[in-house]
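# From the sequence below, what's the structure:
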Amino acid sequence: MNTHITNTQIIRAACPHDCPDTCAMLVTVQDERAIEIKGDPEHPNTAGVLCTKVSRYLERTYHPDRLLHPMRRIGRKGEGRFERISWDDALTTITERLKPIAARDARAILPYSYAGTMGVVQGESMAMRFFNRLGASRLDRTICSSAGGVGYKYTIGAKIGTDTEQFEHAKLILIWGGNPIASNLHFWMKVQEAKRRGAILVAIDPYRSLTAEKCHHHVAVLPGTDAALALGIMHVLVRDGLLDHDYIADYTLGFDELKERVAAWTPERVAATCGIAMHKVELLARLYGTTAARGEPVAIRVNYGVQRSHGGGMAVRNIACLPALVGAWRHPAGGVLLSSGDSFPKRAAQLERPDLAPQDPLHPPRTINMSTIGDDLLRETSPAFGPKVEALIVYNANPVAVAPESAKVAQGFARDDLFTVVLEHFQTDTVDYADIVLPATTQLEHADVHATYGHLYIVANNPAIAPLGEALPNSEIFRRLAARMGFDDPCFSESDDELAAQAFDSGDARAAHYDWSRLKESGWIKLQMPAAPFAQGGFPTPSGKCEFYSERMREAGLDPLPDYIPPYESAASAPELASLYPLAMISPPQRNFLNTTFVNVQSLRNTEGEPHLEIHPEDAAGRGIVDGDTVRVFNQRGEMRVRARLNDGARKGLVVALSIWWKKLAPDGRNANELTSQRLTDMGRAPTFYDVLVQVEKADSSP
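Alright, predicted model coming up:
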């Protein structure tokens, strides 16, 4: 007779991924194995729903290809051939390689990480303590959102905006540069509720995405011209008197200068710059201005597609000016949201301990931009650059697939004299170039706490299961490395619970209820923020006002007023280049991938099919391309071969390469980042992923 008694528990967890939704999750564990994962129905933002990707998280955790043991490379870099070793051997090898480099100049050691997990504990806390204490080069983490963040802060003062939960009460919503059905699902749920209540939805996007198809209006601007459209909207608002003069007088700075600037941006000029009909400029501006004039809330969700071109920072700045002109901030459901990240009083210095860094006048601190890693790994020692990068430790990132100008990135990783350590769950494109591979835990196997950038909840993650194999949390890996390097500072002995307990400042009114021991049980708490953060001004700028004119920008050598900065690569700004490569290319996210996470989950990859290029039928016809053809997409930096899909979702003159595929899982071993550039944005030192010209031709054979 079977007398086994099943032990079932429900564990509160948080989605760790680089997504504004940061869902609260419930994990069902039976006999020490996770058997179900679902959204927390009581969490107001998650509302019991997980995206398609994260609903498959158990497939990822228990994937047969999980890395479960430390490994050492036995083949050539890039081949991906390894042998299993012990943790002791792995840590000994790493420290034996790092110690002599650090003795010469620790700046020759570089961390490379981003948002493989957004957790406070497993993200940068113990890792940054290690690298700060070591004196390693600093990494400028720019690859996603720094351009827009800087532009927004010049205008608003901090990354604070409209509460996502309020969008369902708006009467007009502009979804600018994003596809929330694919990348911000729970915001889209709020938008759908607003639509049911009569709100008008407008998508501003070069590409008719899934989201744009479901909006009332779609404005398909040319890539990199969003700043001009915002200037045109401001022009019409001023011209037609669709302004909240009291709000402008009380809570803004520089309106007279702004008024003079936007006078030149007539609808005719804007239409020509953006490649759209003039009536769409007028329609959008009047929709925005007249809805606000009726006292109804108007809201903007500006996303990351806007900022991935030369003038990306200025584009976000221009958009951020709009709510103050019409008094939209007066309403809880009005205003603009780029990110809610600065709403959280995170104790970054206490967690990361920059004070541990050695003060060495012979080796002053050096910062390397993650977006130019392709060039920087190939640089030799020089007075301007500093020491050549001799060792690289990668965690929470897959740069060989994700970083721009991918051929150079791979060339740098392939250097025989570069010692590379990668902490990972799977054998990614980057792991193939590692000397030592360390198995990391997934979200179900460690503790963490999460701030968010799309809502106002702190979310706890409790470990649901024991680590699989010999996997360790990032925090524990860096503790062990610190011990092997001889770092005996007390902070390296702090547990994950101790790190989580100090993550947020409970002395700050916004997080007054933060208590880690209670949060682990409750799962989440909401910050104490005003319903309408700038209804009566109080902007966290130097002036305390929304700054149409920014003295800080002038001091930084930037135009202090909203302006238009054209793309590096477009028919208008680079006609000679456009004669060779006449099509603009953007590479927004695939619905079933999250950056390169989930690409190796077979069920999700089956849904996506294979890498493809969306191209307008007229652009295809002129090149003799029919639907399903293999095409060669190329420019001066590289090429890839993919299947052509003909549709008019990509406006004429634009091709869309949905991303980001692991290169090894693409038929030709390449992805869209073969073609992207390492040139940086106007502010924020961010990449220009959507500032790309290409040519497309029918390929001779299949990939």
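# rest of the way, CA atoms for contacts and neighbours
Noted.
# Pull out the buried positions in the particular helix or strand that has Pro100 in it.
Element membership of Pro100 [criterion: DSSP states H and E] is helix 87-105. For helix 87-105, burial by neighbour count (16 or more other CA atoms under 10 Å) applies to Trp87, Ala90, Leu91, Ile94, Thr95, Leu98, Lys99, Ile101, Ala102, Asp105.
# Wait, Ala90 touches His69, no?
No. Between Ala90 and His69 there is no contact under CA atoms under 8 Å: 10.0 Å.
# list the residues that contact both of those two?
Both Ala90 and His69 are in contact with Leu438, where contact means CA atoms under 8 Å, 6 or more residues apart in numbering.
# one step back: so which elements touch the helix or strand following the helix holding Pro100?
Proceeding N to C from helix 87-105, the next assigned helix or strand is strand 109-113, under DSSP H and E. Under the contact criterion of 3 or more CA pairs under 8 Å, 6 or more residues apart in numbering; DSSP states H and E, strand 109-113 touches helix 87-105, strand 138-140, strand 391-395.
# The same query, at a cut-off of 10 Å, please.
Strand 109-113 is packed against helix 87-105, helix 126-134, strand 138-140, strand 367-369, strand 391-395, strand 419-424, with contacts defined by 3 or more CA pairs under 10 Å, 6 or more residues apart in numbering; DSSP states H and E.
# The second one vs helix 87-105, what angle?
Same thing as helix 126-134. Angle between the axes of helix 126-134 and helix 87-105 is 40 degrees (criterion: axes from the mean of the first three to the mean of the last three CA atoms, to 10 degrees).
# sorry, back to before: Val402 is nearest to which of the helices and strands packed on strand 109-113?
Set against Val402 and scored by CA to CA, those come closest in strand 391-395, at 12.8 Å.
# Can you give me the buried ones in the closest one?
Quick answer for strand 391-395 (16+ other CA under 10 Å): Ala391, Leu392, Ile393, Val394, Tyr395.
# Could you do stretch 413-430 as well?
The neighbour-count check on stretch 413-430 (16+ other CA under 10 Å) flags 413-414, 418-430 as buried.
# Quick check: of those, which lies closest to Arg685?
Closest to Arg685, out of all of those and judged by CA to CA, is Phe413, at 22.2 Å.
# That closest one reaches Ala401, doesn't it?
No. Taking CA atoms under 10 Å as the definition, Phe413 is not a contact partner of Ala401, at 11.6 Å.
# any residues in contact with both of these two?
Jointly contacting Phe413 and Ala401 under the rule CA atoms under 10 Å, 6 or more residues apart in numbering are Thr430.
# Let me know how buried the closest residue in space to Val626 that isn't next to it in sequence is, in neighbour terms.
Among residues not flanking Val626 along the chain, Ala620 sits closest, at 6.7 Å (CA to CA, 6 or more residues apart in numbering). The number of residues packed near Ala620 is 21, by other CA atoms under 10 Å.
# Is Gly75 part of a helix or strand, or is it coil?
coil (DSSP: H, G, I helix; E, B strand; the rest coil).
# What helix or strand is the nearest residue to Met126 once chain neighbours are set aside located in?
In space, and not counting its chain neighbours, Met126 is closest to Ser475: 5.3 Å by CA to CA, 6+ apart. Element membership for Ser475 (DSSP H and E) is helix 474-484.
# next one: Gly78
Per DSSP H and E: Gly78 is located in neither a helix nor a strand.
# which residues sit in contact with the residue nearest to Met126?
Ser475 makes contact with 121-128, 130, 440, 446-447, 492, 494-496, 499 under the criterion CA under 10 Å, 6+ apart.
# Drop anything exposed from those residues.
Among the contacts of Ser475, those classed as buried by 16+ other CA under 10 Å are 121-128, 130, 440, 446-447, 492, 495-496, 499.
# Out of these, flag the one nearest to Ala34.
Taking CA to CA as the measure, Ala34 lies nearest His446 of the buried ones among the contacts of Ser475, at 13.4 Å.
# got the phi/psi numbers for the closest one?
Main-chain torsions, His446, degrees, to the nearest 10: phi -150, psi 170.
# could we number from 32 for the rest of this?
OK, 32 is where the count begins now, so the last one is His477.
# where does it land on pLDDT?
With respect to pLDDT, His477 scores 98.
# got the contact list for it?
44, 152-153, 471, 492-498, 503-506, 527.
# The same query, at a cut-off of 7 Å, please.
Asn493, Pro494, Pro504 (CA atoms under 7 Å, 6 or more residues apart in numbering).
# ok, now Phe450?
Phe450 touches Glu421, Ala422, Leu423, Asp466, counting by CA under 7 Å, 6+ apart.
# Hey, what's the angle from the helix holding Pro131 to strand 450-455? Just curious.
Calculated by the same axes, to 10 degrees, helix 118-136 forms an angle of 130 degrees with strand 450-455.
# thinking again about what came up before, redo the buried residues of strand 422-426 as JSON lines? Include distance to Phe570 and pLDDT.
Below are the buried residues of strand 422-426 laid out as JSON lines (distance: CA to CA, whole Å; pLDDT from 0 to 100):
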{"residue": "Ala422", "distance to Phe570": "43", "pLDDT": "98"}
{"residue": "Leu423", "distance to Phe570": "40", "pLDDT": "98"}
{"residue": "Ile424", "distance to Phe570": "39", "pLDDT": "98"}
{"residue": "Val425", "distance to Phe570": "38", "pLDDT": "98"}
{"residue": "Tyr426", "distance to Phe570": "36", "pLDDT": "98"}
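# now, which of those residues sits nearest Ala514?
Nearest to Ala514 among these is Ile424, at 16.7 Å by CA to CA.
# before we move on, the earlier item: what residues does the helix holding Pro131 touch?
With CA under 7 Å, 6+ apart, helix 118-136 has contacts from Pro101, Ala139, Ile467, Leu512, Arg515, Met516.
# In the residues you listed, which residue is surrounded by the most others?
Ile467 (25 neighbours).
# Can you pull the poorly scored residue ranges out of this protein?
By pLDDT under 70, the low-scoring segments of the chain are 32-36, 732-734.
# Identify the residue nearest the geometric centre of it.
Ranked by distance to the mean C-alpha position of the chain (CA atoms, centre = their mean), the top residue is Cys175 at 3.9 Å.
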